[in-house]
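Structure, please.
(one chain, ligands or ions: 2)
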Amino acid sequence: MKLAPLLLTNIGQLLTLRSVQTGPRRGPSLVDLDIIQNAAVLCLAGKIVSVGTVKEALRDPWLKKHRKKVTEIDCGGHVVLPGFVDSHTHPVFMQPRLVDFEKRIAGADYEAIAEAGGGIRSSLAGVREASRLPLTQKVLSVLRELARHGTTTVEAKSGYGLSLESELKSLEAIRAAASQWQGTVIPTFLGAHVVPPEYSGRSQSYVEIVCKEMLPAVAKRKLAKFVDVFCDRGAFSEIECSTIFGAALEHGFAVRAHLGQLSSPKAGFIEATLECCRPTSFDHMDYVRDHEVTALAKSDTVVTFVPGANYFLGLAKYPPARKYIDADVAVALATDYNPGTSPTVSMPMAMSLACTHMKMFPAEVISSATINGAWALGVADRKGSVEAGKDADLAIFDVRDYREIPYWFGVNRCVQTIIGGVALRSSA
Ligand code: NIG
Ligand code: FE
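Ligands and ions are numbered 1, 2, ... in the order given. Here you go, the predicted model:
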């Protein structure tokens, strides 16, 4: 079916996030949103073809000639920005973890609950017992919810199956859901989320299964772009993470890690890993030392903050965003949507938390949630900014000033999401 050309007009503030330099935004460039007032965007065949003021658009000879064929959206003076790139989610699970939720309210902490058999391990049964179809439906409903909040590109991890069969089933569910959703999904294999109970006390044997059985099977079926490891106290050690990264790179995957969420990584690990494995992203990173910040600033690895996890675990401590930004580390923001630490689909909520608890400015959180999220997934050539040639993925917010996006917390001000040049129906 041929896609009708789409014109967004009467945009009060268009946040283009255009950039002259290549690479993720760092330091002062995070606040440069390149805003056009009273703007218009023309999209053709799923791509953005021109961006400018309404006046400029109306002078466009192509538009003058074809105006009747063009679907027009009057944005009513609202704010338009690139669709969010949520570069860290765990959508393949069946049940919420309500028992853990109440245990934490009663005073237990995340690690103690996990040691007692709760946490990630308590989500395994639901995934292992489910067939692919209900998992697919679950993932698809999450993708649709994300889109309703302005997200158009999503990284989706496996990691609640933790057996060859259930990890493949989880990644297949991601693939099946992605094929029914208009947005873009980047799949990640997280077989090394925790050691499953049947390997308790034998983590090395499980790592061997991950490297020798799971990774080759995922690679053969082309089910993932990234391999992720939860490298922290109670999950996988630095040595185990390095082993898995080595195998992942041999199979052609790019790598990323959950790191520094509960404890500091072993001294030297960050520097060595940057050198050997060029991870696309290190996520959480609440615990970091000054020399590690310096090493990260010299690398292209993106540090992805997920403050929803700190909020939901009721922590007082948040990642030291200012330290990273002031040192010129490339930073991104994501929801970390998952049943244990961050059951939210709202990028604006993550952005609000980053402003209030991490002292990031609204412009910094916008860059981190769009163009730098795209860098954190290796898709910045087509996502994350409103520029001619990029995919026509946009979000319209019912606000007059972009700073209102993280300001109005707890409500969804996204009134329209456009993916590949098509406006989503509210039921989509
Ligand atoms: O990003 N830290 C590891 N993984 C998730 C939590 C997963 C879970 O508790 O289910 C996170 O916080
Ligand atoms: Fe996570």
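
could you list every residue that touches Arg413?
By C-beta atoms under 8 Å, 6 or more residues apart in numbering, the contact set of Arg413 is 348, 397-399, 404-405. For the C-beta atoms, the positions are set from N, CA and C on the backbone; glycine is no exception.

could I get those as a markdown table with secondary structure, neighbour count and distance to Pro187?
Compiled in a markdown table, these are given as follows (DSSP: H, G, I helix; E, B strand; the rest coil; neighbours: other C-beta atoms under 10 Å; distance: C-beta to C-beta, whole Å):
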| residue | secondary structure | neighbour count | distance to Pro187 |
| --- | --- | --- | --- |
| Pro348 | helix | 28 | 25 |
| Phe397 | strand | 25 | 28 |
| Asp398 | coil | 16 | 32 |
| Val399 | coil | 19 | 33 |
| Glu404 | helix | 15 | 33 |
| Ile405 | helix | 27 | 28 |
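
Just give me the closest of those residues to Val127.
Pro348 (28.8 Å; C-beta to C-beta).

Name the nearest residue to that closest one, ignoring sequence neighbours.
Using C-beta to C-beta, 6 or more residues apart in numbering and skipping residues adjacent in sequence, the residue nearest Pro348 is Ile405, 5.4 Å away.

One more: Leu190?
Leaving aside its sequence neighbours, Leu190 sits nearest to Gly159 (C-beta to C-beta, 6+ apart; 3.3 Å).

isn't the one you found right up against His88?
No - using C-beta atoms under 8 Å, Gly159 is not in contact with His88, being 11.6 Å away.

Which one's more surrounded, the two?
Using other C-beta atoms under 10 Å, the more surrounded residue of Gly159 and His88 is His88, with 32 against 26.

Next, work out how far apart the more buried one and ligand 1 are.
According to C-beta to the nearest ligand atom, to the nearest Å, His88 and ligand 1 sit 7 Å apart.

go on, Cys211?
Cys211 is 20 Å from ligand 1, by C-beta to the nearest ligand atom.

next one: Cys241
Separation of Cys241 from ligand 1 (C-beta to the nearest ligand atom) stands at 13 Å.

For that residue, grab the count of nearby residues.
By the measure other C-beta under 10 Å, the count of residues near Cys241 is 27.

All further residue positions should be reported with the first residue as 137.
Okay, residue one is now 137; in that scheme the one you just asked about reads as Cys377.

Hmm, it is touching Val343, no?
No - look at Cys377 against Val343 with C-beta under 8 Å: they stay out of range, at 9.2 Å.

what residues are shared contacts of the two?
Residues touching both Cys377 and Val343 by C-beta under 8 Å, 6+ apart: Ala328.

give me every residue that touches the closest residue to Ser267 other than its chain neighbours.
Leaving aside its chain neighbours, Ser267 sits nearest to Lys305 (7.9 Å; criterion: C-beta to C-beta, 6+ apart). When contacts are counted by C-beta under 8 Å, 6+ apart, Lys305 is found next to 263, 266-268, 271, 297.

ok, which pair from the residues you listed is furthest apart?
Ser267 and Gly297 (12.4 Å).

Neighbour count: those two, which is higher?
Using other C-beta under 10 Å as the criterion, Ser267 and Gly297 rank with Gly297 on top: 28 against 9.

Would you agree that one falls within a helix?
No - read with DSSP: H, G, I helix; E, B strand; the rest coil, Gly297 is coil and lies in no helix.

Understood, closing this out.
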